[in-house]
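Participant: this one's structure only:
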């Protein structure tokens, strides 16, 4: 019996099956430092113990997306090692802060299966849940991937497609417990613009650009213990479709979030990921830009904390003053690499 | 009203104005690990808790220059986003160690303003002060930058140029409080050469070279949350004056300091930065070298602690056996990238 | 007297001499985070405090090889700055876990000296020992290097070649004290294959490849405070034998160990390094692969802990499905870069 992991193929998944993923990971101030260095994020809450404690956090929490990438990375060897495409995300909920010293584990439940018409692949829907060392859920999200079949002759399962929300309902958002934003310091946070200052439909060009280097995306993706082969092996990818290593989609997400500080500085935490598309591939050498649109606004259950539903779009080698998104044909502009729909928390006046 | 930061222009600054900068930053062992990995510094005090405690420190302090870069980085969005040139540093004083867990904030006071003869730019002098979470000053320094005017027709302010010392007086140096160097171990520190062994005028070639990579300077500069655009955006810089991203000047300072271990190993802490010039630009791909000259020697108020005033010069793609500095025309040798004048502390016998 | 370290030459070493190396180094969670990011290692014990504590560790220990590289790095300025070649390792024993917060120091004893027939160089054998801040040995190993003579006319010492074991005896392995593997969770660890499932002679292709970048190996090697010039100076190496910087051999060791997770996931700790050869040089740009052979199996003194003696071979730009090693001439295949013989600990059923 081979001792190496060849990953699951489409016919290996069973509806309702739960997979406990390796490897539990203690997240530390070291991970946070490296995350800061990889993206230059300046959001104040993960940056400052003093600031975070003044709001009622136990300490500066780990950046929400660092926690997400670590939770996500664990699923790769079991869910998407034989994936042809990462099709989508939905219903991603960030329900508890992760602090340095917490140990994250991930389990995934198979909630949908549908063979594709080609008979060579199938779509697998999983809900992945990240928990800490006390067994508390810190986040969960659904993603679906197109996975190869090992044996094209394997019978198709009964097709089951889960019912997924277009977005997490504002009422389901879970702001960090016990926050009191009275001490929120706008100078320290970097912007005077609060929740009430943003209007639905408003678009913001985040202006700055960030060039991606091979060493950077590899370091990031390994930090998340994400083992997807396409990010790391130039010897194989050099002969492949793109002739180059593909940058982990999450690297673009984190870069776009960091760039969005310039315009959304007070979006101090992420509440949900509603949907996300990696519209075009990212390679080392490109410069990423981003712009955002306010899709919705909502009150939350926490006093003083509002929620903004934001679409952040990232592009490669193209500035975003004109908010590029899709062409007349309804397809993404070739420069667009990311279209992310998510909720953030922001102080109210 | 735009929500993105377009930075201050010359006419936005007022004499006596104080700017509190975003983002407060808790500095951790993770930042120190990354700093070590970026420069390979081997100075013993920031490297070893055990060694540092034996001298009376609370723990291994964060490297002085890591703290400096973090304090400095915060000023960029407010002071130098529209800068044409970083003209100089003066009167930089390191007055308290920074320990892992400390949160650094920076504020700057405008201490001088002078429009240039072109009428298109002006020189802004600021004193920037870094404080910890207890409000204690850890360092302060003056820098001056040439900043664009938004509107060339804006009236010139009364010119005020601050009176700046050529160097911090030895009597004003503040060695870390409560040090007892009796336990200072020369084998562990890496050199038998102590304060008394250095002579004013002595020059030291630090021999080793260190090649700069794009990923490295970007990771470093983001670690400091320094947002200056020229370091990160190849898409724009590729069309610019140099065709390349410019390496943050502080990256050369830290590289030179790390190289200077080979010859100044017992310079266990920095006391002051007297002056600094980034003589020529640094780009990824160059190899940095360094040499130093002892400019002055002084006693300090701390028993057993001497001070050396050092000039460290860094070059690119040029070894320093012949101590390159300036040509006969008084201009810097084209290979010289840094000319830094600073005080270090070193044990006396 | 020059204040820069020019390193020891062959005639500077004396049999029985002990050299205490600079710089003591506190190893932190920050170092471990960076190590994870550089290699993507997923072995569970260094990854998770919760998992490690459940087995009886005080916390997640620092990765064994990170500790090794730090202990090793300190020896470079004194032992191998003037080395022509790193000839071998033997009798490497990992005898105590290293935890975040521990401070590592290294001392080396000269245990053998033999001038080579050319009269220009000599072989220096040292036993290097890493200790923590309590003076406890954490590891020791022998290495031998060919070192230049300063003066070819210097007299040859009496040749002394130490008696070195082909491998550390299984009876001499020191599993971490006080372990109880009852709580060892195979799902979390990432593989169902335990000690009893491996057979002597079994070969495992670790499948995955990892491309090496200049920034990565430089960051790694500086993290270890290893100052060997050939890794860092393109200005000089560009004119040298290879035209490029040489990657630190330990970088290939750590990459191979991380790749070996896919097939040896439950090899939760390293017990010994028996021998190691850097068969061919590694340069940035190559993709490393690895395969392993089980050389031996042994019980250990710890209940539930077995030991596997493993040969792990790393290659460059060549997949390992056919287990490349040596040609018919007995010489290493040109693609082989590492041949490492070591003991790992693995749970028994």
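Facilitator: That came in fine, so what should we check first? All values reported here derive from a predicted model rather than from experimental measurement.

Participant: right, is stretch A:239-246 up against chain B?
Facilitator: No. Counting by Cβ under 8 Å from any Cβ of the partner chain, no contacts exist between stretch A:239-246 and chain B, the nearest distance being 13.8 Å. (C-beta placed from N, C-alpha, C; glycine too.)

Participant: how about the strands in chain A?
Facilitator: When secondary structure is read from DSSP state E, chain A shows strands at A:18-20, A:25-26, A:83-94, A:103-115, A:121-131, A:137-148, A:203-205, A:210-211, A:269-277, A:287-299, A:305-316, A:336-347.

Participant: what are the pairing partners of the third one, and which direction each?
Facilitator: Looking at strand A:83-94 with DSSP bridges, its paired strands and their directions are strand A:137-148 (antiparallel), strand A:269-277 (antiparallel).

Participant: chain center to it, what's the gap?
Facilitator: Distance, stretch centre to chain centre, for strand A:83-94: 9 Å (Cα atoms, centre = their mean, to the nearest Å).

Participant: Just want to check the distance between the residue of the stretch 101-250 of chain A found nearest chain B and residue C:31.
Facilitator: When scored by Cβ to the nearest Cβ, the stretch 101-250 of chain A has residue A:190 as its residue closest to chain B, at 3.1 Å. As for residue A:190, its distance to residue C:31 is 30 Å (criterion: Cβ to Cβ, to the nearest Å).

Participant: which of the two has more neighbours?
Facilitator: Between residue A:190 and residue C:31, counted using other Cβ atoms under 10 Å in any protein chain shown, the more crowded position is residue C:31 (29 against 23).

Participant: coming back round to it: out of the strands of chain A, which gets the lowest mean score?
Facilitator: Mean pLDDT is lowest for strand A:83-94 among the strands of chain A, at a mean of 94.

Participant: got the angle between that one and strand A:121-131?
Facilitator: The directions of strand A:83-94 and strand A:121-131 differ by 30 degrees, with axes from the mean of the first three to the mean of the last three Cα atoms, to 10 degrees as the criterion.

Participant: Would you mark the buried spots in strand A:83-94?
Facilitator: Neighbour-count burial for strand A:83-94, with 16 or more other Cβ atoms under 10 Å in any protein chain shown as criterion, is recorded at A:83, A:86, A:88-94.

Participant: And the contacts of it?
Facilitator: Residues lying outside strand A:83-94 but in contact with it, judged by Cβ atoms under 8 Å, 6 or more residues apart in numbering or on different chains, are A:64, A:67-68, A:80, A:121, A:123, A:127, A:138-148, A:164-165, A:168, A:172-174, A:249, A:269-278, A:342.

Participant: Mark which of those residues are buried, thanks.
Facilitator: With neighbours counted using 16+ other Cβ under 10 Å, the contacts of strand A:83-94 contain these buried positions: A:64, A:67-68, A:80, A:121, A:123, A:127, A:138-148, A:164, A:168, A:173-174, A:249, A:269-278, A:342.

Participant: Residue A:164 versus the closest residue to residue A:167 other than its chain neighbours, what's the distance?
Facilitator: Distances taken as Cβ to Cβ, 6 or more residues apart in numbering or on different chains place residue A:274 nearest to residue A:167, at 3.8 Å, with adjacent residues excluded. For residue A:274, the distance to residue A:164 equals 10 Å [Cβ to Cβ].

Participant: And for residue A:306?
Facilitator: Look at residue A:306 and residue A:164: by Cβ to Cβ, they are 25 Å apart.

Participant: quick one: residue A:46 and residue A:57 touch, right?
Facilitator: No. In this structure, residue A:46 is not within contact of residue A:57 by Cβ atoms under 8 Å, at 9.6 Å.

Participant: And those two? Which one has more around it.
Facilitator: Applying other Cβ under 10 Å to residue A:46 and residue A:57 shows that residue A:46 carries more neighbours, namely 28 against 21.

Participant: quick one, what contacts the more buried one?
Facilitator: Neighbour list for residue A:46: A:32, A:52, A:60-64 [criterion: Cβ under 8 Å, 6+ apart].

Participant: so what pLDDT did it get?
Facilitator: According to the model's per-residue confidence, residue A:46 sits at a pLDDT of 98.

Participant: for residue A:2, same thing?
Facilitator: In this prediction, residue A:2 has a pLDDT value of 86.

Participant: So what's the residue count around it?
Facilitator: Taking other Cβ under 10 Å as the criterion, the count of residues near residue A:2 is 10.

Participant: Which residue is the nearest non-sequential neighbour of residue A:37?
Facilitator: The spatial neighbour of residue A:37 that comes closest, neighbours along the chain excluded (Cβ to Cβ, 6+ apart), is residue B:223 at 3.9 Å.

Participant: With residue A:286 instead?
Facilitator: In space, residue A:286 is closest to residue A:316, 4.0 Å off (Cβ to Cβ, 6+ apart).

Participant: If you tally nearby residues, what's the number for the one you found?
Facilitator: 24.

Participant: That one contacts residue A:332, correct?
Facilitator: No. Between residue A:316 and residue A:332 there is no contact under Cβ under 8 Å: 11.6 Å.

Participant: joint contacts of those two?
Facilitator: Applying Cβ under 8 Å, 6+ apart, one finds that residue A:316 and residue A:332 are jointly contacted by residue A:280.

Participant: Find the nearest non-adjacent residue to residue A:17, please.
Facilitator: Here the residue nearest residue A:17, using Cβ to Cβ, 6+ apart, is residue A:110, at 4.6 Å.

Participant: Residue A:271 now?
Facilitator: Going by Cβ to Cβ, 6+ apart, residue A:271 has residue A:343 as its nearest residue, at 4.0 Å.

Participant: was I right about the one you found contacting residue A:308?
Facilitator: Yes. Under the criterion of Cβ under 8 Å, residue A:343 makes contact with residue A:308 at 7.0 Å.

Participant: Neighbour count: those two, which is higher?
Facilitator: Between residue A:343 and residue A:308, counted using other Cβ under 10 Å, the more crowded position is residue A:343 (28 against 23).

Participant: Pull the contacting residues for that one.
Facilitator: Shown here is residue A:343, whose contacts under the criterion Cβ under 8 Å, 6+ apart are A:167-168, A:170, A:173, A:270-272, A:274, A:298, A:307-310.

Participant: how about 10 Å then?
Facilitator: Counting by Cβ atoms under 10 Å, 6 or more residues apart in numbering or on different chains, residue A:343 makes contact with A:92-94, A:167-170, A:172-173, A:267, A:269-274, A:295-296, A:298, A:300, A:307-310.

Participant: before we move on, what about residue A:281?
Facilitator: In this structure, residue A:281 makes contact with A:230, A:241-242, A:244, A:246-247, A:249, A:252, A:316, A:337, judged by Cβ under 10 Å, 6+ apart.

Participant: what's around residue A:242, how many residues?
Facilitator: The burial count for residue A:242: 11, using other Cβ under 10 Å.

Participant: likewise residue A:4?
Facilitator: Counted by other Cβ under 10 Å, the residues lying close to residue A:4 total 18.

Participant: Backbone dihedrals for it, please?
Facilitator: Backbone geometry at residue A:4, expressed as degrees, to the nearest 10, gives phi -90, psi 150.

Participant: pretty sure it contacts residue C:262?
Facilitator: Yes. The pair formed by residue A:4 and residue C:262 meets the contact definition of Cβ atoms under 10 Å, at 4.9 Å.
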